[in-house]
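[1] Got a sequence here, can you build the structure:
(chains A, B and C)
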Amino acid sequence: MEVTVTVNGSDQTHDIEPRVLLIDFIRTRVGLTGSHIGCDTSNCGACTVLFDGKPVKSCTVLAVQADGHAVTTVEGLKSNGTLHPIQAAFKEEHGLQCGFCTPGMMLVGAALIEANTEPSVDDVRWAISGNLCRCTGYMNIVTAIQTAAATGEG
Amino acid sequence: MTKVDDTTHMTTPPEIGGIGHRVRRHEDARFIEGQGNYLDDIVLPGMLHMAIVRSPVAHARITGIDTTAASEVEGVVAVVTGELMDQHGLAWMPTLSGDTQAVLATDKVRYQGQEVAAVIATDPAIAVDAAELVEVDYDILPAITTPQQALAPGAVLIRDEKEGQTDNRVYDWEAGDKAATDAAFAAADRVVSLSTFYPRSHPAPLETCGAIADVNSVTGQATIYMTSQAPHAHRTLFAMVTGLPEQNIRIISPDLGGGFGNKVPIYPGYVVATAASLLIGRPVKWIETRSENLISTGFARDYYMTGELAVTNEGKILGLRVQMLSDQGAFYADAQPTKFKAGLFHVVTGSYDYPAAHVVCSGAYTNKAPGGVAYRCSFRITEASFLIERLVQTAAYELGIDPAEMRFKNFIQPEQFPYHTPTGFVYDSGDYPTALRKALDEVGYDQLRAEQVAARAEGRLMGIGIAHFTEAVGAGPSHTYDIAGLKMFDSAELRVHPTGKAILKLGVMSQGQGHETTFAQIVAEELGIPVTDVKVMEGDTDNTPYGLGTYASRSTPVAGAATAMVSRQLAEKAKRIAAHLLEAAPEDIELKAGELFVKGTPARSVTIQDVSLAAYTNMPDGMEHGLEGVHYYDPPNLTYPYGSYIVVVEVDPETGVWKVERMVALDDCGVRINPMIVEGQIHGGLTEGFAMSSMQWITFDDDGNCIGSNFMDYLIPTAWETPRFELLETCVPSPHHPIGAKGVGESATVGSPAAYVNAVIDALAHLGVRNIDMPLLPDRVWSAIQSAQG
Amino acid sequence: MFPSRFDYVAATSVDEAIAAKGDGGDETRILAGGQSLLPMMKIRLANPSKLVDINGIPGLDVLERVNGHLRVGALVRHADMVASDLTFGAVESAAPWISDPLVRNRGTVCGSVSHCDPEGDWNSVLLATGADVVARGPSGERVIPIGDFVVDLFTNALNEDEMVTEIRIPVPSGRSGGAYLKLERKVGDYATVAVAAHLELGGGGVITKAGLALTSVAPHNLKVTDAEAALVGEMPSEALFAEAGELAAAASSPRDDVRGTAEWKRQVVRTFARRALATAAASAG
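    The predicted model follows:
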């Protein structure tokens, strides 16, 4: 089937089998490898993207279901050459180590601070509870998201 | 929130960013923009994809493999079986601990998930489709799922292919002095014992393992991209296994999405992908699924331990006796020094001063996945640290002594360092009483004990758990430590270019620890080259000096030392060049924060950048050009980081559900190169300790089916369950390390499980509860309460 | 991570979806949120021959209160329930505990209800509140009480050519309260044990209507009718709720598994039923 997905503002048209997952479409058809695969059971959130603005696990959406929809990946966070506040805050607060969960964490964080400009520690921990990190113990991720909320315009 | 830099060890200004600065990480620039380059991100022209067919059963004889249907699937290029591998002498491979392991099973399968065949196809989905069509006939054999079953008389022989192997015993090993220990026990007022099981766990880095093998059939060049924590050692082992000439093997370990020990061994998938690429002449990519990662690659722990302490009525420890039985799985594939069959388990004597200990360790084969990696711990020290800290706590209850007091009574004192332990370690430095006192003060220990009394009166269950661990990290020295015969040194190569910018190349391999920043800071400290001007390279065997890799918290103790030493070597040359430029004697030149000046006349100076340029443009006659060097560092001893952890919990008496209220962690890892990164490492380790104590384990049913084969069953805590941590530090530098650092990557995983468990047990101690095996699932806690209240 | 091959139909109307489902036989599945189905397909535990995607059907995202009911359309996501101010009692209490935040953004209430997983949360809430499931087939619409809809483990009362279009949860008109207490090992895990409680109070505070249902402790979500009968007509009290807890524990039939022993799970049912009812009564004011 031919599908067109708007990825980071650009229309991506590819002919794919219905069984192709959105994460696979993004990584191997569009060629954006910032979104990762960490499990087979929709638990880890390494594949998180924004689907029409909301964070979802792109391993649990068929690419054909994204036809006509807008997807934002980590590569789309930066705008006009400027880092998104969440990106700057993750670096500043040491919110990442191996970097594998980081794109998903940042996208969830970006969606959260869009809706809640002063998230509490519990707000952040609840929001990122669909994303696993094996390195950081989440402490600095929480701080980074709060810092981004405080510094961002969103 | 502003963070204050730790000025304790700072000698450079922020613009240079040497030791002690919270330098923001260099590697982050690519990760925060999705520009990391992990294995699965790599695409090579003509690349094929591999899927592995695995055994659904734990123990069976293979009576037939039919690959016809799989071969006929459109897009399938090859189906590889053990028979084909055997034709090339590759059906079996050596393990890191000197055993053998099947690459693809030819005779029997010995655990659920074992590799039986592999399908190579043009598309990864097609490879999976075809793998389902490979038909394997199994003649089921009884499965052995515990080491006790394995060693029972009449147990079915798992390793029947091994010559001379007549039972399921892997090893027996001991440390310490039996006679002295027996005497200590004879003299004791009391003997306190504890039997506990440290369950099987899995490092489960968020990125699974994988490889892309690209063997050029014309040139013989084999480039293998691999999720490897030890690329150089892997290259050598690959050369030995495959017979390919070592100079033609290039292992590239790209960005690793975590490792934690899981990426230390060589896995059958790597070997099959390489063989397939060699046979087909095209690159072959193999990426594990999460389920494959959990059921077949390096597990950790699975130790049954019984410890006994000989004590006086006053609480003085006289001796320790330990028996350990380890479940090794079907192949003995531990990643550890070959002299130490049970890893560095003999650090089990802990932080305490007593003359006698005797440790007996045994290992057994079972029908479970092999591996025995040290999951975020230095060669299985976690198990040892857990046992002694649980045991000391138990002794405190039995003697009616406060658990903190029990530790103060027995601590090795600061003036006793270097301290010779009864099992043969020489602890380098420490001040344990100060550390524990500081942690107790921070948590408000005396008040918490008062609150506990009040809580109990109300029927509430509150517990305070302490663990004071001592780790042994940073292997070598090479005279004692090796991996598969390769001595455990490490190296650093430093090149300073004419414009004063440097490249540092290392034999270790970051998996998230921030090497690109930390090691640049060491160069900045030693030479005064700004940290942003130092590029750190790792993970490419063609372009970095030999090293044993990153695990066992060894990068800072060994490669960090090598970096300091090579920097100092260059500093000496820089001084000679400066002497030439300043027309002074080399011995009169001092180097401080990038300025080289004549002693007593700071105005007569040049910068390290001036010297770098001169090294290529204006050298004194007779001096070799350039400013570069290499140093192979062989540590004189291990380093011994330690810490005092205190956990406060509340247990729901009606359900057994427990919650961490406080977690105070004091770490002393010597000098902290980048305190920000050190704290991040500790946060991560404390979380993994919490995971293992509360939910994260792999178990098996009686038939050997793995329960915990995906992230629905193998539970990794989310931000919601994970406790908040309060960090503290003391700093007693390592006396033998060039910059006084000790290594910290694993301390918190080693030290914290006992703290969490001790806290829950402490909440129930007045009921008489002394042990609950990890993980402390609520039903186990509730059952313990019920039994105690009987 | 690669599902088996299947045919895919993106339906644009309920009629089209029903027709496509009817054509395909029992290996055809409706795809709404896909948060239970796709994970099973990825590890090839489910291999449907055809998926009928209903995400493009207009109007199925209805979430409104009408005629004394809360209407939850087939495309209402769990996250919509969390965000909505139309929910109440046990419905409101349960919504944030469905799986994890990302799954809630995609997964649907009706999909979860149809799945009839005894470890699923919503069916306990619907049993406690006395909700109905609305199904459409070629011959029109029928309203199925939730107690009849849930047949058994992963089995609902739908015919092959029917799909769920909405659920209707009665909104109490007087004093009422509810709670959903869930013990999960971690966020995203299925319930080890969960209890949905719903109480309506009449004049003087006497219980006029009671709903109590259990998750993960029986082959299907279990409505504890004994306990409900014991509660109605009584004044709320700790002793009454403890008695209901005992009845709930007795009605449950948990199994030993990696989550814990049956004996302990029964104890959690006992405790959580008591606590959930107390919370429900307290929130009824």
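[2] and chain B, what are its domains?
    Annotated domains of chain B cover B:28-36+B:490-633, B:39-141+B:208-255+B:263-296, B:377-471+B:640-789 [automatic domain parsing].
[3] These into a markdown table, with extra columns for mean pLDDT, distance to residue C:210 and mean neighbour count?
    Where you see a C-beta, it was placed from the backbone N, CA and C, and this is true even at glycine. Formatted as a markdown table, those follow (pLDDT from 0 to 100; distance: least, CB to CB, whole Å; neighbours: other CB atoms under 10 Å in any protein chain shown):
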| stretch | mean pLDDT | distance to residue C:210 | mean neighbour count |
| --- | --- | --- | --- |
| domain B:28-36+B:490-633 | 97 | 53 | 22 |
| domain B:39-141+B:208-255+B:263-296 | 97 | 44 | 21 |
| domain B:377-471+B:640-789 | 97 | 22 | 22 |
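[4] for the residue in the stretch 451-600 of chain B positioned nearest to chain A, what are its contacts?
    Shortest the stretch 451-600 of chain B-to-chain A distance, computed as CB to the nearest CB: residue-wise this is residue B:512, at 3.0 Å. For residue B:512, the contacting residues are A:97-99, A:135, B:256-259, by CB atoms under 8 Å, 6 or more residues apart in numbering or on different chains.
[5] Quick one: the residues you listed as a markdown table, columns for pLDDT and secondary structure too.
    As requested, the contacts of residue B:512 are arranged in a markdown table below (pLDDT from 0 to 100; DSSP: H, G, I helix; E, B strand; the rest coil):
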| residue | pLDDT | secondary structure |
| --- | --- | --- |
| A:97 | 98 | coil |
| A:98 | 98 | coil |
| A:99 | 98 | coil |
| A:135 | 98 | coil |
| B:256 | 98 | coil |
| B:257 | 98 | coil |
| B:258 | 97 | coil |
| B:259 | 97 | coil |
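[6] For chain C, what lies in contact range of chain B?
    Counting by CB under 8 Å from any CB of the partner chain, chain C comes close to chain B at C:1-2, C:4-5, C:43-44, C:100, C:183, C:185-189, C:258-261, C:263-265, C:267-268, C:271-272.
[7] Tell me which of these fall in helices.
    C:263-265, C:267-268, C:271-272 (DSSP state H).
[8] Quick check: of the residues you listed, which lies closest to residue B:559?
    When those are ranked by distance to residue B:559 (CB to CB), residue C:264 comes first, at 48.7 Å.
[9] Most neighbours of all the ones in helices among the residues of chain C next to chain B, which one?
    Most neighbours among these, by other CB atoms under 10 Å in any protein chain shown: residue C:268, with 30 neighbours.
[10] Excluding chain neighbours, what is closest to that one?
    Nearest residue to residue C:268, sequence neighbours excluded (CB to CB, 6 or more residues apart in numbering or on different chains): residue C:193, at 4.3 Å.
[11] Toward the C-terminus, what is the element adjacent to the helix or strand that contains that neighbour?
    Applying DSSP states H and E as the criterion places residue C:193 in strand C:191-201. Next helix or strand after strand C:191-201 toward the C-terminus (DSSP H and E): strand C:207-215.
[12] By proximity to chain B, which residue of the stretch 1-150 of chain C wins?
    residue C:2 (3.8 Å).
[13] That residue: what's it in contact with?
    Residue C:2 neighbours (CB under 8 Å, 6+ apart): A:19, A:21, A:24, B:124-125, B:128-129, C:42.
[14] Can I get the longest helix along chain B in CSV, CA atoms only?
    If you go by DSSP H, chain B has its longest helix at helix B:561-582. Extracted C-alpha coordinates of helix B:561-582, given in CSV (Å, rounded to 0.1, in the frame of the first residue of the first chain):
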residue,chain,number,x,y,z
ALA,B,561,45.4,6.0,35.0
ALA,B,562,46.9,5.2,31.5
THR,B,563,45.5,8.6,30.3
ALA,B,564,47.1,10.4,33.2
MET,B,565,50.4,8.6,32.6
VAL,B,566,50.5,9.3,28.9
SER,B,567,49.6,12.9,29.6
ARG,B,568,52.4,13.2,32.0
GLN,B,569,54.7,11.6,29.5
LEU,B,570,53.7,14.4,27.0
ALA,B,571,54.0,17.0,29.8
GLU,B,572,57.7,16.0,30.2
LYS,B,573,58.3,16.5,26.5
ALA,B,574,56.4,19.7,26.6
LYS,B,575,58.6,21.0,29.3
ARG,B,576,61.7,20.2,27.3
ILE,B,577,60.2,22.0,24.3
ALA,B,578,59.3,25.0,26.5
ALA,B,579,62.8,25.1,27.9
HIS,B,580,64.0,25.4,24.4
LEU,B,581,61.5,28.2,23.6
LEU,B,582,62.2,30.0,26.9
